[in-house]
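Trainee: Could you look at this predicted model? Sequence included:
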Amino acid sequence: MLDRFEPGLWEVTPRDDASQAGQVCIDSGRKLIQVRHARETCRRFVIEDKPVSVTVQYTCPASGSGLTHVRFKNPRLALIETQGIDNGLPFNFSAEGRRIGACSR
């Protein structure tokens, strides 16, 4: 399912605080799994993979873990729900990921 998202520059906007929006350049939808641990090398385990959604648990040896559910709305829009531990602190948020253009090189 994650291969259905268009590569490019995506804006990830938390649903409860639009001022915290961030941008990420993705080459595949797999980058949407680790929004909170984007720069980490983590082990992933796919819990559920359906045509319109995927749920993945991941563990990052140095900084924490997470459980992410990504829902496919269209090739340029994803709904992301993620929770876990980041540097010893819990996190839990829902966000909208939207492709906004090409990545700058």
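Mentor: Arrived safely, thanks for sending. Numbers count the residues shown, from 1 in each chain.
Trainee: now N74, which residues is it bridged with?
Mentor: On the basis of DSSP bridges, N74 takes part in beta bridges with L77.
Trainee: What pLDDT does the model give it?
Mentor: Model confidence at N74, given as pLDDT, is 97.
Trainee: How many residues are close by it?
Mentor: 11 (other Cβ atoms under 10 Å). Glycine gets a C-beta too; all of them are placed from N, C-alpha and C.
Trainee: ok, now P14?
Mentor: 16.
Trainee: Write down the beta-bridge partners of it, one by one.
Mentor: On the basis of DSSP bridges, P14 is bridged to A95.
Trainee: so who does it touch?
Mentor: Q20, A21, F93, S94, A95 (Cβ atoms under 8 Å, 6 or more residues apart in numbering).
Trainee: Return the residues in contact with the fourth one.
Mentor: Residues near S94 by Cβ under 8 Å, 6+ apart: P14, R15, D16, L79, I80, E81.
Trainee: Weed out the non-buried ones from the contacts of P14.
Mentor: Buried by 16 or more other Cβ atoms under 10 Å: F93, A95, out of these.
Trainee: Can you lay out the contacts of P14 as JSON lines showing pLDDT and distance to P61?
Mentor: Listed next are the contacts of P14 as JSON lines, based on pLDDT from 0 to 100; distance: Cβ to Cβ, whole Å:
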{"residue": "Q20", "pLDDT": "78", "distance to P61": "26"}
{"residue": "A21", "pLDDT": "87", "distance to P61": "29"}
{"residue": "F93", "pLDDT": "90", "distance to P61": "23"}
{"residue": "S94", "pLDDT": "95", "distance to P61": "26"}
{"residue": "A95", "pLDDT": "95", "distance to P61": "25"}
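Trainee: In the contacts of P14, find the pair that's most separated.
Mentor: Farthest-apart pair in these is A21 and S94; separation 13.2 Å (Cβ to Cβ).
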